[in-house]
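>>> Okay, here's the prediction I keep looking at, along with the sequence it came from:
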Amino acid sequence: MNSHSLNPSELAGRRDEILSHFVRIDKEFDRRRGENRLLVKREDIQWESASRVHPTQQEGHLLARIISPELGFNIHTFRVFKRQIGGGGIDGAFHTHGDAVKYYLEGKGKEIIDDQEVEVSPGDLAFIPANIWHGTENTGDEPMVFIAFHQIPGTHLPVPASWQYHADDLSEHESIDSRLVTMEKEDPAAMDSATLYSWRQHLLHELGVLDDEFNQRRKAKNYLVPRNEVPWESPADNQTTTLIAPELGFDIHTLQLSVRVVPPGHSDETLHSHGEAVHYYLSGQGHQIVGDESIAVEAGDLVFVPAGTAHSIRNSTGDPMRFLIAEQLPGTYLQRPVISQD
């Protein structure tokens, strides 16, 4: 069907028709989310032909879906999969989608991102921006394998619509830093509605100023973090290093990626929570605490941490634990489907 030839009524009707079928699929996705899976062991990762789920024609393309709603994970922001591209110069079909970050495990190749070509090899990380045509080419003789943290198809980029007051309107008011000191002593539950709303607006103003700076830094349009720039050794008091995030010049909106190195014998003293996250364990072994569960993990395993769930890590061995953390970008919201019950 040529959508350009449709009149407005036909175009809206066609979209409604497609959405009606999409809703049926999303309803089943949501039912499967109810399995609330958290762990994928390395040995349970299964390969299938990429053509089973994608219209790719190339031979030698394999896909391993790992963490995704249809597999029983209550995740809404991004999914995780592995991809293998056969050797001998085989390339991937050009396509577009949402934000994605790839970590390369085997082989060598290049990412063709719009008009840029980025050489990649094991240990590198590459960012693929949303809505940019791109493809992956295996430039070696051996299979090329990567793991991808990929915005769930069908979701939207959470582009900030910043709220800001004009500077002249704020000149005679208490500074934001002074307000933050005052806020530490205030109980939001004791505020009247006007005060509560006013506090929120002042915080939104400051977030808008920061969002403007984030957007300026996104314009650097960085794509690659080479392996030699990843800190595989870190001090005990600064275990986590952010690798791909807006403030580092990546035009990313849905997730960020970090690496954590947990020293031997370390256990987190407190639990913490944030948006959705997936931990991919690269070396060592230990226990990932997620809510009330203590999950034994080792290299090659993955654990999903649901949004708002308290969690921590424990390394009781004599070797460091290293893992990648793909995490919902702070300040964004879960995009839950609105499913019609008609």
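Ah, there it is. Model, not experiment: these values are computed from the prediction.

>>> Buried residues, stretch 201-214. List them.
Buried residues in stretch 201-214, counted by 16 or more other CB atoms under 10 Å: 202, 205, 207, 211, 214. In this view, the C-beta of every residue, glycine as well, is placed from N, C-alpha and C.

>>> can you give me the helices for the stretch 1-150 of the chain?
Using DSSP state H, counting those that start in this stretch, the helices of the stretch 1-150 of the chain run over 8-33.

>>> Do a quick rundown of the strands in it.
Counting by DSSP state E, counting those that start in this stretch, residue ranges of the strands within the stretch 1-150 of the chain are 39-40, 48-49, 61-67, 78-85, 100-106, 109-113, 116-120, 125-128, 134-138, 144-151.

>>> Adding distance to residue 176, mean neighbour count and mean pLDDT as columns, could you present these in a markdown table?
Formatted as a markdown table, those follow (distance: least, CB to CB, whole Å; neighbours: other CB atoms under 10 Å; pLDDT from 0 to 100):
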| stretch | distance to residue 176 | mean neighbour count | mean pLDDT |
| --- | --- | --- | --- |
| strand 39-40 | 42 | 20 | 98 |
| strand 48-49 | 52 | 12 | 90 |
| strand 61-67 | 38 | 20 | 94 |
| strand 78-85 | 32 | 22 | 95 |
| strand 100-106 | 32 | 20 | 98 |
| strand 109-113 | 38 | 20 | 93 |
| strand 116-120 | 39 | 16 | 94 |
| strand 125-128 | 31 | 24 | 97 |
| strand 134-138 | 40 | 20 | 90 |
| strand 144-151 | 32 | 23 | 96 |
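
>>> Quick check: the residue nearest in space to the middle of the chain vs residue 10, distance?
Centroid-nearest residue in the chain, with CA atoms, centre = their mean: residue 255, separated by 3.3 Å. Using CB to CB, to the nearest Å, one obtains 37 Å as the distance from residue 255 to residue 10.

>>> Would you mind identifying the next helix or strand past the helix or strand bottoming out on mean pLDDT in the chain?
Taking mean pLDDT, DSSP states H and E as the measure, the helix or strand of the chain with the lowest value is helix 167-170, at a mean of 70. Tracing the chain C-terminally past helix 167-170 and defining elements by DSSP states H and E, one meets helix 176-183 next.

>>> In that following helix, which residues are buried?
In terms of neighbour count (16+ other CB under 10 Å), helix 176-183 has its buried residues at residue 179.

>>> Quick check: next helix or strand after it?
Using DSSP H and E, the helix or strand that follows helix 176-183 in sequence is helix 193-218.

>>> Could you give the average pLDDT over that next one?
Within the predicted structure, the mean pLDDT of helix 193-218 is 91.

>>> And for stretch 236-254?
Summarised as a single mean, pLDDT over stretch 236-254 is 95.

>>> what about that stretch, distance to the chain center?
On the basis of CA atoms, centre = their mean, to the nearest Å, stretch 236-254 is displaced by 12 Å from the centre of the chain it belongs to.

>>> Not counting it itself, show me its contacts.
When contacts are defined by CB atoms under 8 Å, 6 or more residues apart in numbering, stretch 236-254 is touched by residues 77-78, 98-99, 101, 125, 127, 129-130, 151, 155, 157-159, 214-215, 217-223, 225, 230-231, 234, 256-263, 266, 325, 328-329, 332.

>>> Same question for stretch 183-197.
Residues outside stretch 183-197 that contact it (CB under 8 Å, 6+ apart): residue 199.

>>> now swap in stretch 4-20 and tell me
Counting by CB under 8 Å, 6+ apart, stretch 4-20 makes contact with 1, 3, all of which sit outside it.
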